[in-house]
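Student: with the input below, show me the fold.
(one chain, ligands or ions: 1)
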Amino acid sequence: MIDNRQEAGAIYHAPFMDLLYRAHTVHRAHFEPSTIQCSKLLSIKTGGCPEDCSYCSQSARYDSELSASKMMEVQRVLDEARKAKAAGATRYCMGAAWRSPKERDMPAVLAMVRGVKAMGLETCMTLGMLSDDQATKLQEAGLDYYNHNIDTSERYYSEVITSRTFADRLNTLDRVRAAGINVCSGGIVGMGETADDRIDMLRTLASLEEPPESVPINMLMPMKGTPMADMAPLDPIEMVRTIATARILMPRAYVRLSAGRSEMSDELQAMCFFAGANSIFVGDTLLTADNPGEDKDALLFNKLNLRAETAPVCPKPAQEQTREQAQEQAA
Ligand code: SF4
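Tutor: Numbers count the residues shown, from 1 in each chain. Sure, this is the predicted structure:
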């Protein structure tokens, strides 16, 4: 376990070729390098959120011209999940723009989890902060993953969000873990943070009692009307360094190249995959942001000889084994 900033910083700032080589070696030890896990994300309740996340067009505090909607009907969510499965997704992620779910919303949310799970898809939800009871109910309904990003470092956090604390985020992750649900947690780069913030964000995740099974790394997509609308783009090489460091610090996690892919070249995405990213969102929208869409991804996969993971991996492969060890045992 690499738990001090100096050591993690030495990884992040290593000569780029050494960093890529190391990250890819770690990646190959734990995963088949040409296989990418594909998730589909659906916004089940868009906009009108009381939180003040500075990057988010769904916050009711900003004039982003996004109109708030009510929670989707369960049947519609299930219809969309069926389509996502037919298009090759193995995990279905449902997101709601809430501070936390209200009790009156839970029956419908649980019905969505049960319905999607019954289709043979992995289920994931992101609903804001959870109580112990809500986490337990979600687990009992068959929720495989709960997404709750820490977003950035503890130091930079208050520059991004003031309506809930970094500790609130970690408490929700604890509740999710205690309920027996896999943890999906990552952050956003390009919000004006420093390299040290990116390193600290990854260290926080890697030093959780059990690191997340899934680590989404998002590139900020500046949204009109939000405080980050005019943020200058991050040097893409920093994105690759972040992915590579995530792979080295959390060798067994699925590292997801999340928001921002629609602005990335094929070459940059290829470099991120080489650096250890092995999960993406498919489809042409992510909650409210653009995503490349299936046609573009099919072309990219074809060019890079990548294939989509065909079966859900939850429960995830043996945690204490490398891929080679698992293969030897199976032989
Ligand atoms: S990121 Fe989530 S919690 Fe924050 S404002 Fe947007 S929808 Fe609300």
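Student: by proximity to the ligand, which residue of the stretch 151-300 of the chain wins?
Tutor: Per C-beta to the nearest ligand atom, Ile161 is where the stretch 151-300 of the chain lies closest to the ligand, at 6.9 Å. C-beta here means a position set from N, CA and C on the backbone, and glycine is covered the same way.
Student: how far away is that residue from Tyr55?
Tutor: To Tyr55, Ile161 is 9 Å away according to C-beta to C-beta, to the nearest Å.
Student: same deal with Pro15?
Tutor: Computed with C-beta to C-beta, the distance linking Pro15 and Tyr55 is 31 Å.
Student: and if you look at Arg91?
Tutor: Here the distance between Arg91 and Tyr55 works out to 23 Å (C-beta to C-beta).
Student: Glu267 now?
Tutor: Counting by C-beta to C-beta, the separation of Glu267 from Tyr55 is 25 Å.
Student: of those two, which one has the most company?
Tutor: Neighbours around Glu267 and Tyr55, counted as other C-beta atoms under 10 Å, are more numerous at Tyr55. The numbers are 25 against 9.
Student: hmm, that one is touching Val189, no?
Tutor: No: using C-beta atoms under 8 Å, Tyr55 makes no contact with Val189, being 10.8 Å away.
Student: got any residues that touch both of these two?
Tutor: Counting by C-beta atoms under 8 Å, 6 or more residues apart in numbering, the residues touching both Tyr55 and Val189 are Leu220.
Student: got the residues of this structure near the ligand?
Tutor: Taking C-beta under 6 Å from any ligand atom as the test, the list of the chain residues beside the ligand reads 49, 51, 53, 56, 58-59, 97, 128.
Student: which of those count as buried?
Tutor: The neighbour-count test (16 or more other C-beta atoms under 10 Å) marks 49, 51, 53, 56, 58-59, 97, 128 as buried among these.
Student: any chance of TSV for those, columns pLDDT and secondary structure?
Tutor: Formatted as TSV, these follow (pLDDT from 0 to 100; DSSP: H, G, I helix; E, B strand; the rest coil):
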residue	pLDDT	secondary structure
Cys49	92	strand
Glu51	94	coil
Cys53	95	coil
Cys56	94	coil
Gln58	91	coil
Ser59	93	strand
Ala97	94	coil
Gly128	96	coil
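Student: between those residues, which sits nearest Leu170?
Tutor: Distances from Leu170 to those, taken as C-beta to C-beta, are shortest for Gly128 (14.2 Å).
Student: can you tell me how far that closest one is from Gly120?
Tutor: Using C-beta to C-beta, Gly128 is found at 27 Å from Gly120.
Student: check Pro33 too.
Tutor: According to C-beta to C-beta, Pro33 and Gly120 sit 26 Å apart.
Student: pLDDT value on Asn291, please?
Tutor: In this prediction, Asn291 carries a pLDDT score of 69.
Student: then Ser153?
Tutor: 97.
Student: can you count the residues close to it?
Tutor: For Ser153, the count of nearby residues is 22 (other C-beta under 10 Å).
Student: ok, Pro33 and Gly120, which is more surrounded?
Tutor: With other C-beta under 10 Å as the criterion, Pro33 and Gly120 differ in neighbour count, and Pro33 comes out ahead with 15 against 10.
Student: using the three-state scheme, assign that one.
Tutor: Classification of Pro33 by DSSP: H, G, I helix; E, B strand; the rest coil places it in coil.
Student: what sits against it?
Tutor: When the contact criterion is C-beta under 8 Å, 6+ apart, the partners of Pro33 are 24, 27, 278.
Student: give me the below-cutoff pLDDT ranges for the stretch 151-300 of the chain.
Tutor: Residue ranges of the stretch 151-300 of the chain with pLDDT under 70: 283-291, 293.
Student: just the helices in it please.
Tutor: Listed in chain order, the helices of the stretch 151-300 of the chain (DSSP state H, counting those that start in this stretch) span residues 154-160, 166-178, 195-206, 236-249, 266-274, 294-304.
Student: most tightly packed of those helices?
Tutor: Greatest average neighbour count among the helices of the stretch 151-300 of the chain goes to helix 236-249 (a mean of 24), per mean count of other C-beta atoms under 10 Å.
Student: contacts for it next, please.
Tutor: 2, 8, 11-13, 16, 19-20, 22-23, 26-27, 186, 189-190, 195, 198-199, 202-203, 205-206, 211, 215, 217, 219, 253, 255, 257, 260, 264, 268, 271-272, 275-277.
Student: now do the contacts for the residue of the stretch 101-250 of the chain found nearest the ligand.
Tutor: Residue nearest to the ligand within the stretch 101-250 of the chain (C-beta to the nearest ligand atom): Gly128, separated by 5.6 Å. With C-beta under 8 Å, 6+ apart as the criterion, the residues that contact Gly128 are 51, 96, 98-101, 148, 172.
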